[in-house]
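> mind looking at a prediction? Sequence and model below.
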Amino acid sequence: MFLNKKFVLKCGVAALCALAITVAGCKKKEPAAAKVSVTFAGVEAASTGQRRMMQEVADVLNATGRFDASVQVNGALSGDTDNLVTQAKTGVPLVVPSDPGRLASQFAIPDLNILMAPYVLTDRSLLDKLPDTELFKEWQSKLEAQGITFVVDTYNGFRNFYTVKPVEKVADLKGLRIRGFGNDVGNNLAKYYGFANIAISWGEVLPGIQQKTLDGCEVQVSAAFGAAIYEVAKNLALTNHYMLQSAFVCSTALLKGMPEADRKVFVDAMRAASTKYGGIIAGEEESYYQQMKEKGVVIREVDVSEFQNAINPLYVNNDLKFSDGLKDKLFSQLGI
């Protein structure tokens, strides 16, 4: 029996095609790289510049297609900043705006307090230079050894006293119950100004003043306005005693676990937004003060030199346990 040659050829081609399809179908597809999950978490109101900065960074990261970034503020995940930082330390993929004073106490690095020490740093533009200093890299290393990475330090406004009773001089603070930082910087400010430092979560401040368990708070104007502190404290003393900074930190494991290219995108986005929003926050402060006035708050220009003199013993006694020559070293590296 003879087979048609054309038929044999067609069958052979068909068989080869079927084999090719089968082989192609058996090849494993390379799985798409998983997106980096990041949540920016804070306690401030949604209206603040700090929250808007976090949202902008999240948007930049998401636009790359490599990140799944979201923002949770106003205490949505916790009303306690230290708690959020602890969660990040354990590996939860959070980026948290703490501050240098909190980090100094939480991670036992006293020299970090210099960044938030009363009346030491007063020029916000210096914070843009900070990540390039040897001191910052040294602090980063000490934090990383404990599971936390210090990414960037952002200007977040000067802090002042918001009180039920007028404050015009240091003596007016004596005996008042003021919500402040529950760290070495906050406790020493209270010590030398004579008030009782009540370290409760930010969300408890307004009801605390309403219920008269607090006489006021010391805080930056954006946070005070966002939390409607003007409803319960009608006096604002412009002491400008701290230049508040948002020390953005995240889990060291999170950052080091990112592919190198993604890590660079993350750090670059944070630094660019830090510079941008430091300026935005500073520019908005006057507007917030004006709105405070419109809400019935009396703003008092105090003799700042009196408040500075009252805090000087803090440095003479070295209550914050700074290493020798720390201030001079910091100023030199910042080019002051």
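Great, that's in hand.

> secondary structure element holding Asp262?
Using DSSP states H and E, Asp262 sits in helix 260-294.

> low-confidence ranges, the chain, go.
Where the chain drops to pLDDT under 70, the residues are 1-32.

> can you pull out the strands in the stretch 201-336 of the chain?
With DSSP state E, counting those that start in this stretch as the criterion, the stretch 201-336 of the chain has strands at 216-220, 235-251, 298-301.

> among those strands, which is the most enclosed?
strand 216-220 (a mean of 26; mean count of other CB atoms under 10 Å). The C-beta positions use only the backbone N, C-alpha and C, and glycine is treated the same way.

> what sits up against that one?
Outside strand 216-220, the residues within contact range by CB atoms under 8 Å, 6 or more residues apart in numbering are 156-164, 176-180, 189, 205, 209, 224, 229, 233, 235, 241-242, 244.

> and if we set it to 6 Å?
156-157, 159, 161-164, 178-180, 205, 233, 244 (CB atoms under 6 Å, 6 or more residues apart in numbering).

> among the residues you listed, which are in helices?
Val205 (DSSP state H).

> nearest to Ala108 among the contacts of strand 216-220?
Closest approach to Ala108 among the contacts of strand 216-220 (CB to CB): Gly180, at 20.4 Å.

> next, the contact list for that closest one, please.
186, 197, 218.

> from Gln211, how far out is Glu204?
According to CB to CB, to the nearest Å, Glu204 and Gln211 sit 10 Å apart.

> neighbour-wise, which of these two wins?
Glu204 (15 against 10; other CB atoms under 10 Å).

> and that one, how close does it get to Arg102?
According to CB to CB, Glu204 and Arg102 sit 17 Å apart.

> check Glu260 too.
Glu260 is 30 Å from Arg102, by CB to CB.

> so for those two, which residue has more residues nearby?
Neighbour tally, Glu260 and Arg102, criterion other CB under 10 Å: the higher count belongs to Arg102, 24 against 8.

> and the gap between that one and Leu115?
11 Å.

> what's around Phe266, how many residues?
25.

> next one: Lys137
Neighbour count for Lys137, taken as other CB under 10 Å: 11.

> and the helix or strand hosting it, C-alpha only, in PDB?
In the assignment (DSSP H and E), Lys137 maps to helix 134-144. In PDB, the C-alpha atoms belonging to helix 134-144 read as follows (Å, rounded to 0.1, in the frame of the first residue of the first chain):
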ATOM      1  CA  GLU A 134      28.500  61.900  59.700                       C
ATOM      2  CA  LEU A 135      26.400  62.300  62.800                       C
ATOM      3  CA  PHE A 136      23.200  61.400  61.000                       C
ATOM      4  CA  LYS A 137      24.900  58.300  59.500                       C
ATOM      5  CA  GLU A 138      26.200  57.400  63.000                       C
ATOM      6  CA  TRP A 139      22.600  57.700  64.400                       C
ATOM      7  CA  GLN A 140      21.300  55.700  61.500                       C
ATOM      8  CA  SER A 141      23.700  52.900  62.300                       C
ATOM      9  CA  LYS A 142      22.800  52.700  65.900                       C
ATOM     10  CA  LEU A 143      19.100  52.600  65.100                       C
ATOM     11  CA  GLU A 144      19.500  50.000  62.400                       C
END
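
> what's in contact with that helix?
Against helix 134-144 from outside (CB under 6 Å, 6+ apart): 107, 109, 112, 130, 150, 252, 330, 333.

> what of stretch 192-212?
43, 75, 79-80, 170, 173-174, 176-180, 182, 186-187, 190, 214, 217, 227, 232-233, 310-311, 314.

> show me just the buried residues among the residues you listed.
43, 75, 80, 170, 173, 176-180, 182, 186-187, 190, 214, 217, 227, 232-233, 310-311, 314 (16 or more other CB atoms under 10 Å).

> and the contacts of Gly180 as CSV, adding distance to Phe248?
As requested, the contacts of Gly180 are exported to CSV (distance: CB to CB, whole Å):
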residue, distance to Phe248
Gly186, 20
Asn197, 25
Glu218, 22
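
> which of those lies closest to Thr39?
Once CB to CB is applied, the member of the contacts of Gly180 that ends up nearest Thr39 is Gly186, at 27.0 Å.

> first-to-last residue distance for stretch 162-178?
One end of stretch 162-178 to the other measures 9 Å (CA to CA, to the nearest Å).

> same check, this time on stretch 59-75
Using CA to CA, the end-to-end distance of stretch 59-75 comes out at 21 Å.

> 31 is where my numbering starts, stick with that
Got it, the first residue is 31 from now on, which makes the last one we talked about stretch 89-105.
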